[in-house]
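Undergrad: 3D, please:
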Amino acid sequence: MKKCNKCQIEKSINDFHKDKYSKDGINNRCKQCRSDYFQANKEIYRKRTAEWKENNIDKWREQDSLRQKKRRKEKPHLRRWAVLLERALKRTSQSKTTTTYNLLKYTPQELKEHLENQGMDWNKHDIDHKVPLTWFISETPPHIVNDLRNLQPLDRNLNKTKSNSYSSKIDPDYYSIIIKWIKEEYKTDLAF
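TA: Residues are numbered from 1 along each chain as shown. Next comes the predicted model:
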């Protein structure tokens, strides 16, 4: 238990943020008091942050780059989830009109679980489309192109050599959904 310096209420240690500069390693103000203070001064903090960024743009870019690298290493599925959508939209001549989740119809966590259940190694594998992106006609909805049933992990080198070819059978239910979205010249090549 610890007493907050602001509200003077004794609270659980879990109600305080860590602080490596304090003697006990815990901030002197509880989370709620800190949040209230921040909310009351939000515009001041935003302005101060924007000014710092403007005056320290090189340092900010360096820090941002490090944050992005750390995030990609710790949670690679987040970036790959977004890239799946970006590539599908580009290939089908569309633009992003709503959130990634609304367009793909699944979360990054669902993508992660789906691929890892198939042996995905985020350092060695790419996300392969069983039916290549280029086989779909323009305006194909992104959730159809990137349906989890169309995605599999594939060794990076193998994925490069596979290129625009169809190599893995697809689920019959998925076939019945996509056949109307496939370019005519590829329809006879599909197998399930």
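Undergrad: Just the element for the residue most central in space within the chain, please.
TA: Centroid-nearest residue in the chain: L78, 2.3 Å away (criterion: C-alpha atoms, centre = their mean). Assigned by DSSP states H and E, L78 belongs to helix 76-91.
Undergrad: Going by neighbour count, which residues of the helix or strand following that helix are buried?
TA: Going down the chain from helix 76-91, the next helix or strand is helix 100-104, by DSSP H and E. Buried residues in helix 100-104, defined by neighbour count with 16 or more other C-beta atoms under 10 Å: T100, L103, L104. Using the backbone N, CA and C atoms, a C-beta is placed for each residue, glycine as well.
Undergrad: likewise stretch 170-189?
TA: Those would be I170, Y174, Y175, I178, W181, I182, Y186, for stretch 170-189 by 16+ other C-beta under 10 Å.
Undergrad: Tell me which residues are up against it.
TA: With contact meaning C-beta atoms under 8 Å, 6 or more residues apart in numbering, stretch 170-189 is reached by 130-131, 135-137, 140-141, 144-145, 147, 149-150, 166, 190-192.
Undergrad: returning to what we had before: residue contacts, the residue nearest to the centre of the chain?
TA: For L78, the contacting residues are R71, P108, by C-beta under 8 Å, 6+ apart.
Undergrad: and if we set it to 10 Å?
TA: R71, R72, T100, T107, P108, Q109, L111, K112 (C-beta atoms under 10 Å, 6 or more residues apart in numbering).
Undergrad: now it: how far from L111?
TA: Distance of L78 to L111, computed by C-beta to C-beta, to the nearest Å: 9 Å.
Undergrad: swap in I144?
TA: In this view, I144 and L111 are 15 Å apart by C-beta to C-beta.
Undergrad: How is this protein divided into domains?
TA: What automatic domain parsing lists as the domains of the chain is 29-74, 76-189.
Undergrad: How far does the first one sit from its chain's centre?
TA: To tie it back to what came earlier, the one meant is domain 29-74. The chain centre lies 21 Å from the centre of domain 29-74; the measure is C-alpha atoms, centre = their mean, to the nearest Å.
Undergrad: So in this protein, which helix runs the longest?
TA: Taking DSSP state H as the criterion, the chain has its longest helix at helix 57-74.
Undergrad: so that one versus helix 76-91, what angle?
TA: 100 degrees (axes from the mean of the first three to the mean of the last three C-alpha atoms, to 10 degrees).
Undergrad: looking only at pLDDT, what's the mean for helix 57-74?
TA: Helix 57-74 shows a mean pLDDT of 91.
Undergrad: swap in stretch 142-154?
TA: 96.
Undergrad: Now find how far off-centre it is within its chain.
TA: Worked out by C-alpha atoms, centre = their mean, stretch 142-154 lies 15 Å from the chain centre.
Undergrad: same thing with stretch 114-124?
TA: In this view, stretch 114-124 has its centroid 15 Å away from the chain centroid, taken as C-alpha atoms, centre = their mean.
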